[in-house]
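S.K.: Sequence first, predicted model second:
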Amino acid sequence: MMSMKPAIQAEEVSLIYGQGATAVHALDRVDLSLASGEMLALMGPSGSGKTSLLMVLGGLLRPTLGRVQVQGIALDPLSETERARLRLSHMGFVFQHYNLFPALTALENVQLALELKGYPLDGADTLLAEVGLAPRRHGYPRQLSGGEKQRVAIARALAGDPSILLADEPTAALDTEHGMAVVELLRRIAREEGRAVVMVTHDPRVTRMADRVVSIADGRILQ
Ligand SMILES: Nc1ncnc2c1ncn2[C@@H]1O[C@H](COP(=O)(O)OP(=O)(O)OP(=O)(O)O)[C@@H](O)[C@H]1O
């Protein structure tokens, strides 16, 4: 049964990098709640705080003020180790430049993620089939198109069956056709698999496919 708790909830989240005269207020009292099965696009100009917010939601950065909950679990009281464990069990991360290991095949890249998370390696074939890449599983990143590489990265992010997927400009390096295929895949991952997906994007073709678009400027959510 799907949990009624939000997949992610941020309340009054502020983030300040540095201190004193050089302090940067990257996030200013952000409230955001995301349900399971929902795909949210985060838009905003360069430097507005999108990546910072993604990192706070993903438990990679601790907010200076405010609270973040993941599946009803408050992140703030957790130690670094506990937060790392929570990320491994609940979150998948996808990046603009894929971050695949060049010396490993598609299959081995996914297997490595399974191994790091403590799952049997034979799940890698299923994950690659899920993103439509079974036929290319023995290809090395240099032999794959950008869209294919991003799909490998998504298969890798799905290792361990995370309830939340966080993607930083997943289509920025892709042409229209491959970009749309990647967004459609992310939408299916949200709708059909009931995961919560947050994407940072500048791409209007992507925001059109999202269930909800949140705009951010100067660290604040625009209403
Ligand atoms: N590690 C850091 N130390 C100090 N300031 C930082 C750090 N990371 C980001 N910032 C600053 O925080 C603000 C928000 O940055 P952030 O990367 O979250 O914006 P963004 O919306 O993702 O930008 P872009 O679209 O250019 O990636 C910017 O003013 C940025 O310069």
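M.R.: On my side now, so go ahead. Numbering: from 1, shown residues only.
S.K.: Extract the C-alpha set from stretch 178-185 and format it as CSV.
M.R.: In CSV, the C-alpha atoms belonging to stretch 178-185 read as follows (Å, rounded to 0.1, in the frame of the first residue of the first chain):
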residue,chain,number,x,y,z
HIS,A,178,16.8,11.5,-26.5
GLY,A,179,15.8,14.1,-23.9
MET,A,180,12.1,13.4,-24.3
ALA,A,181,12.8,9.6,-24.1
VAL,A,182,14.6,10.2,-20.8
VAL,A,183,11.8,12.4,-19.4
GLU,A,184,9.1,9.8,-20.5
LEU,A,185,11.1,7.1,-18.7
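S.K.: Now do the buried residues in that stretch.
M.R.: In terms of neighbour count (16 or more other C-beta atoms under 10 Å), stretch 178-185 has its buried residues at 178-183, 185. Every residue, glycine included, has its C-beta placed from N, CA and C.
S.K.: With respect to the ligand, which of the residues you listed is nearest?
M.R.: The closest of the buried residues of stretch 178-185 to the ligand turns out to be Gly179 (C-beta to the nearest ligand atom; 16.8 Å).
S.K.: Backbone dihedrals for the closest residue to the closest one other than its chain neighbours, please?
M.R.: Taking C-beta to C-beta, 6 or more residues apart in numbering, and ignoring the residues beside it in sequence, Gly179 has Thr171 as its nearest neighbour in space, at 3.6 Å. Backbone dihedrals for Thr171, given as degrees, to the nearest 10, come out at phi -110, psi 0.
S.K.: What does the pLDDT read for Thr171?
M.R.: Predicted confidence (pLDDT) at Thr171: the value is 91.
S.K.: Kindly report the same for the one 4 residues further on.
M.R.: Per-residue confidence (pLDDT) for Asp175: 89.
S.K.: Return the closest of the buried residues of stretch 178-185 with respect to Leu60.
M.R.: Distance to Leu60, by C-beta to C-beta, is smallest for Val182 among the buried residues of stretch 178-185, at 22.1 Å.
S.K.: And the helix or strand where that closest one lies, what does it pack against?
M.R.: Val182 is located in helix 176-191, with elements delineated by DSSP states H and E. Counting contacts by 3 or more C-beta pairs under 8 Å, 6 or more residues apart in numbering; DSSP states H and E, helix 176-191 is packed against strand 39-43, helix 146-157, strand 164-168, strand 196-200, helix 204-207.
S.K.: which outside residues touch that helix?
M.R.: With contact meaning C-beta atoms under 8 Å, 6 or more residues apart in numbering, helix 176-191 is reached by 37-39, 131-132, 145-147, 150-151, 154, 158, 165, 167, 170-171, 174, 195-197, 199, 203, 205-206, 209, 211.
S.K.: part of a strand, is Arg85?
M.R.: No. Assessed with DSSP: H, G, I helix; E, B strand; the rest coil, Arg85 is helix; it does not lie in a strand.
S.K.: burial measure for it, as a count.
M.R.: 12 (other C-beta atoms under 10 Å).
S.K.: Distance of it relative to Met55?
M.R.: Look at Arg85 and Met55: by C-beta to C-beta, to the nearest Å, they are 17 Å apart.
S.K.: orientation of the helix holding Val182 relative to strand 39-43 in degrees?
M.R.: 130 degrees (axes from the mean of the first three to the mean of the last three C-alpha atoms, to 10 degrees).
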